[in-house]
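[1] Sequence first, predicted model second:
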Amino acid sequence: MTKSTNGRGDGELQPTLDEYKLIWENTNDAIFIMRNNGAVIQANPALTEMLGWRLEEIEDYPRPPFFTEDITVEKHQQQLDVLRSGKNIANFETKRKHKDGTVKDVLASYRAINRNDILAVAMYKDITEEKDIKHRLGIAENCYRTLVEYSPDAIVVQSDDKLSFANPAAIKLLGAESLQQIIGKSLIDFIEPKDDDKKDVKAVFHELKSEPMVEKLVRFDGTTIWVEIIAIPVRHEGETVIQAILRDITVRKYYEEQLTYMATNDPMTGVANRNSFLETLDRAIEQAQESDEMLAVMYIDLDKFKDVNDSLGHGVGDELLIQFAKRLKGNVRNGDVVGRVGGDEFLVLVKDIKKEKAEMTIKRMLANFGDPYMVKDNVIRATSSIGVAIYPTDGIDASTLIQNADQALYKAKEKRNHYEFFSE
């Protein structure tokens, strides 16, 4: 298991990609990824188990065939427009059609991604049985209490900022040993503060918005989990109490973060991929226009990298690229961006910097790149060449800056272990 700081405190163990794959393949909830036009491009096995459709039977349909007839093209487009605007669609009950013609009740959630051609990640929970149970039990108070007691969702009731009820699922979710540990506390007490301030969370909690809140809870044993909280006002004997439903979404949260990471980062080196770098560069140029600042775009590659691959193998070459990317990130500031174009070619965006300062940075980088690399018992001396374009003198858009930096790199490689600024 590897370590990561993505979404957790420093040093905490994080699931590996293999573990995410296990979650993807074995979760009971159906998860699928949608294109910008609404078509399904990837789905886990649970989708087939739940609805009977295989991926190859539905992936070419902007309106998936498991939609029921009441979901018109117009309604579907409205939903897609919400996701395109960057808003999530969380926990709404709807119906989906099984391949055999039967209709299932599902709890659907869509998380907007809007990265490249990926629109959203969707998750369906089959609640057909739960709906049927609820229908049979009716709305009688005793039957409702039975349903709450045995609900897999954590349910709590809070009055005057104090918890007065928690079902067994809530006791387990909060890491308590008994109901007595929970009674009298506030749900706010369990929410990890943002910037050491719980005021904003408390205000949102009491506004009782229809949209669920996603918060990090600190359990009794000190461990943290991500939960989705839906707070509902309930009128009882002239008093309004708050009933809240909590769902543990820790796995889903990390999985969504991993999907986002995979969509924006180079899988081998961990730096930004080409599309992500271009988006960042476009935003940086807009900001530089407003603040009248200069930017530097560096085009970098390893000298004679092909010789390393040919003589020592691609495994050594890949590890060399990983070490080079790490060394590259260590030579730029926190606000600067490193991206991989492909092969041994990298791009670096240095913000708010003048040409003279950029030249000092480049000289330091080249000196550092010249230190030998230790790769699988091989000592490798791999120098680098750098081409530089400055905004706005060498271009005022991303494409021109990168093209001119590439031309400067071509000139620098004539000498190797050298840098060149773009010149007409």
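    That came in fine, so what should we check first?

[2] from here on, contacts and neighbour counts on C-alpha atoms
    OK.

[3] quick one: the strands in the stretch 51-200 of the chain?
    Remark: strands assigned in the stretch 51-200 of the chain by DSSP state E, counting those that start in this stretch are 89-97, 103-115, 118-126, 154-159, 162-166.

[4] Pull out the buried positions in the helix or strand containing V241.
    Assessed by DSSP states H and E, V241 sits inside strand 239-248. Going by neighbour count (16 or more other Cα atoms under 10 Å), the buried part of strand 239-248 is 241-248.

[5] just checking, what packs against it?
    Strand 239-248 is packed against strand 154-159, strand 224-236, with contacts defined by 3 or more Cα pairs under 8 Å, 6 or more residues apart in numbering; DSSP states H and E.

[6] Return the residues in contact with the nearest residue to I230 once chain neighbours are set aside.
    Distances taken as Cα to Cα, 6 or more residues apart in numbering put P212 closest to I230, at 4.8 Å, once the chain neighbours are dropped. Going by Cα atoms under 8 Å, 6 or more residues apart in numbering, P212 touches 90, 228-231.

[7] at 7 Å what do you get?
    228-230 (Cα atoms under 7 Å, 6 or more residues apart in numbering).

[8] F66 contacts R96, correct?
    Yes. Between F66 and R96 there is a contact under Cα atoms under 7 Å: 5.5 Å.

[9] who has more neighbours, these two?
    Remark: of F66 and R96, R96 carries more neighbours, 24 against 18, as counted by other Cα atoms under 10 Å.

[10] Tell me where the protein is predicted with low confidence.
    Within the chain, the segments meeting pLDDT under 70 span 1-15, 136-144, 194-210, 236-237.

[11] Go through the lengthiest helix in it and flag the buried ones.
    The longest helix of the chain (DSSP state H) is helix 274-291. Going by neighbour count (16+ other Cα under 10 Å), the buried part of helix 274-291 is 274-278, 280-281, 284-285, 288.

[12] which residues of the stretch 51-200 of the chain fall in helices?
    Secondary structure of the stretch 51-200 of the chain (DSSP state H, counting those that start in this stretch): helices at 55-58, 73-84, 128-137, 141-150, 168-173, 187-190, 199-207.

[13] residues in contact with the fifth one?
    Where contact means Cα under 7 Å, 6+ apart, the residues beyond helix 168-173 that reach it are 149, 152-156, 178-179.

[14] Which of the buried residues of helix 274-291 sits closest to D117?
    Taking Cα to Cα as the measure, D117 lies nearest N275 of the buried residues of helix 274-291, at 11.0 Å.

[15] The closest residue to I322 other than its chain neighbours: neighbour count?
    Residue nearest to I322 in three dimensions, not counting chain neighbours: T269, with 4.9 Å by Cα to Cα, 6+ apart. Residues near T269, counting by other Cα under 10 Å, number 19.

[16] Backbone dihedrals for T269, please?
    phi -100, psi -20 (degrees, to the nearest 10).

[17] Same check on A405?
    phi -60, psi -40.

[18] sorry, back to before: the strands of the stretch 51-200 of the chain: which one's closest to F422?
    strand 103-115 (31.5 Å).

[19] what comes into contact with the closest one?
    Taking Cα under 7 Å, 6+ apart as the rule, strand 103-115 contacts 83-84, 86-98, 119-128, 260, 263.
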